[in-house]
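A.B. asks: Sequence first, predicted model second:
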Amino acid sequence: TGGITLASYGLVVTDASPWSSADVLVPLLGGTALLAAFWHAERHARDPLLPPRFLLDQQRALALTAIALSACGTALTFVVLSLHLQQARDWSPLQTSAAFVPFAIALIASGRVAGPLFGRYGARAVTTAGLGTGAAGLAFLALTRLDAHTSYAYGLLPGLVLLSAGTAASFAGATVRATEGVPQQQTGLAGGVLNTAMEFGPTVLFAVLLTLGSDASSLAVTGAALAVVALLNHRTK
């Protein structure tokens, strides 16, 4: 926890301080050192909290990556669009909140539909489709370049709906993929790792994206990452 927190803070402050400054290097290197120490300790512990080999399973690693990226894309979109609507378009907090209502509706609807789709197509197909849909939503938002003159209904709304529908499906499918085949004595470990991946996305990955400087670039890079993971997930049994 300390390592992730320090590393995230070090990345976030690059917006105000140069990479070579102590404000950036001290927390960034400190966080990296703590994470490295944790990994070393887990490799040599008789009864490790997080056995490294547990994360090296290809299916589980891809599923956890999908969860982290989906959580990151959702958090990034909320922050970027909330600021954009209020600062660039002078929308009130109430109008901004209303703009995300379709996002919430699509999220709930997609989550309800994902369950029955597992039985017909399997968790891998649902996860892949969700990641691809989320990537398309982020790409759509990035293409608008968040221009203040872009229509909400025709410019921002389609990307929002695609992103929420995709992330809901990918979350559901990746959760199944991450916990599938886990021995009974490791079910708690699987749940803990799953929750950690959900927190890792909106912290470390989000902080990394903030260093890109452009909101549109951050959306585009996240969408590209989702597309890559979707392709890898499709090829993994």
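C.D. replies: Thanks, I have it.

A.B. asks: I'd assumed Ala225 was in contact with Leu131.
C.D. replies: No: applying C-beta atoms under 8 Å, one finds Leu131 not in contact with Ala225, separated by 9.5 Å. C-beta here means a position set from N, CA and C on the backbone, and glycine is covered the same way.

A.B. asks: neighbour count winner among those two?
C.D. replies: Legend: neighbour count by other C-beta atoms under 10 Å for Leu131 and Ala225, higher for Leu131 (32 against 21).

A.B. asks: Do you know the pLDDT at the more buried one?
C.D. replies: On pLDDT, Leu131 comes in at 97.

A.B. asks: and the helix or strand it falls within, what does it pack onto?
C.D. replies: Using DSSP states H and E, Leu131 sits in helix 123-143. If contacts are counted by 3 or more C-beta pairs under 8 Å, 6 or more residues apart in numbering; DSSP states H and E, helix 123-143 sits against helix 58-83, helix 101-121, helix 157-179, helix 215-235.

A.B. asks: Point out the most buried one among those.
C.D. replies: Mean neighbour count (mean count of other C-beta atoms under 10 Å) peaks for helix 157-179 among the helices and strands packed on helix 123-143, with a mean of 24.

A.B. asks: next structured bit after that one?
C.D. replies: Next along from helix 157-179, by DSSP H and E: helix 187-200.

A.B. asks: and that next one, which residues are buried?
C.D. replies: Applying a neighbour-count criterion of 16 or more other C-beta atoms under 10 Å, one finds Leu189, Ala190, Val193, Leu194, Thr196, Ala197, Met198, Phe200 buried in helix 187-200.

A.B. asks: OK, contacts around the first one?
C.D. replies: Each residue near Leu189 by C-beta atoms under 8 Å, 6 or more residues apart in numbering is listed here: Leu50, Pro51, Phe54, Val182.

A.B. asks: leaving aside the residues next to it on the chain, what's closest to the last one?
C.D. replies: When you say that, I think you mean Val182. Ala190 (4.5 Å; C-beta to C-beta, 6 or more residues apart in numbering).

A.B. asks: So for that neighbour, what's the pLDDT?
C.D. replies: 92.

A.B. asks: residues touching it, list them.
C.D. replies: Going by C-beta under 8 Å, 6+ apart, Ala190 touches Ala178, Thr179, Val182.

A.B. asks: Work out for me the element His149 sits within.
C.D. replies: Using DSSP H and E, His149 maps to neither a helix nor a strand.

A.B. asks: where's it relative to Gln59, distance?
C.D. replies: For His149, the distance to Gln59 equals 45 Å [C-beta to C-beta, to the nearest Å].

A.B. asks: Which elements pack onto the helix or strand of the chain with the lowest mean pLDDT?
C.D. replies: Lowest by mean pLDDT, DSSP states H and E among the helices and strands of the chain is helix 206-210, with a mean of 84. Applying 3+ C-beta pairs under 8 Å, 6+ apart, we find helix 206-210 packed against helix 2-12, helix 58-83, helix 215-235.
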